[in-house]
Each structure stands twice: as structure tokens, then as C-alpha cells.
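Trainee: What follows is a protein structure lacking sequence information:
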């Protein structure tokens, strides 16, 4: 018998909206310099959460380690990605999350990682599949004054300063996803 796992599936009508990224964006062609500018804007953030391999890498290259770093081993859907040193993190967790979905396993892992923020632990989440959509539950669950950074391909770095309004928007967006069951690969 094949085991089915619970997941949320991205509805087609949301795909275009989410692909635009965040409202706040630092535009730039040099990833490290662009991240430096973004980090200057985010000095007051209590916790930094980075989603994406290049985003995590460029935060580290700017002498900071994200409190939560979510990577999938790909940049722009290719396997050409910078190396992220696991030694910088208190814990490394692996999770399966296929493209266009958010698995229950990923949601549980994010909840645990956000809880670890209170203990000042730094968590690296390595995703088998795709990490992009995991920014939504991170925004929905992260504490006030945290900042979530994500890459916007061919544009720059987007960021969200977490507050009640941003959490509510993320929760409303997640509520539009369709509950489904998927078969692990």
C-alpha cells in the first residue's frame, strides 16, 4: 500500500500573484551587494529568516548567519548553487516538499524552527523538492520584528517585516490553497 501525505496545493489562480514576490524589494544585479543593501534596511530585525539558496548564501557572505535558512540545493531551478556551510547552524533538518505544494511535514518543521528562535538556535532546513512556497508559513508563524528574505529571480531581494498584518495576509493566502494528499517520491 502506498502511503499518502497531507499537503496544501498552490491553486493556479495564485501562481502569478505569488511569483511577483514581496512589496519591499531591493533591486540589483550583484547578489552580494544587493543583499548588503537589503540587510542595511533590516538592521532593526530581531531575527533573519532566509528562503532560497542564493539568499542564504549572500546573507552569510555579508557576515551574518540567518536564524532560519531554507534551501533546496537549486538556484533558478538548476543545481548550480553556492555551498551553505552546515557548521554555522545549531540544527540541520531535512524535509520533503514537492513543487507547488506545502507538505504537512514542512509545516511541522517550520513550526519547530520558529519555536527554536526563542532558544536562539539557528536552523538550516534542507528541502528535497522546492522551498519557494515555504516563505508563506514562515511569514504566518514568525514573531513580530522578524524579517523574511527571499530572492526574486532576475530582480533582487524581497523582504517582509513581520507584524500582525503581514501574518494575516500570509494566513489568508494559505487559506486559498487546496488540501490534498500526495504520494512521496
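Mentor: Everything's here; your move. Small disclaimer: the values here were computed from a predicted structure and weren't measured.
Trainee: immediately after the worst-scoring helix or strand of the chain on mean pLDDT, which helix or strand?
Mentor: Using mean pLDDT, DSSP states H and E, helix 12-19 stands out as the lowest-scoring helix or strand of the chain, at a mean of 80. With elements assigned by DSSP states H and E, the helix or strand that comes after helix 12-19 is strand 24-27.
Trainee: mind checking how far that following strand is from the chain centre?
Mentor: Centroid separation for strand 24-27 versus its chain: 16 Å, with CA atoms, centre = their mean, to the nearest Å.
Trainee: go on, stretch 98-108?
Mentor: The answer for stretch 98-108 is 12 Å, by CA atoms, centre = their mean.
Trainee: How many residues are close by the nearest residue to residue 147 once chain neighbours are set aside?
Mentor: Leaving aside its chain neighbours, residue 147 sits nearest to residue 45 (3.8 Å; criterion: CB to CB, 6 or more residues apart in numbering). (C-beta placed from N, C-alpha, C; glycine too.) Counted with other CB atoms under 10 Å, residues neighbouring residue 45 total 18.
Trainee: which SS state does residue 45 fall under?
Mentor: Per DSSP: H, G, I helix; E, B strand; the rest coil, the local secondary structure of residue 45 is coil.
Trainee: just checking, it touches residue 146?
Mentor: Yes. Using CB atoms under 8 Å, residue 45 is in contact with residue 146, at 6.2 Å.
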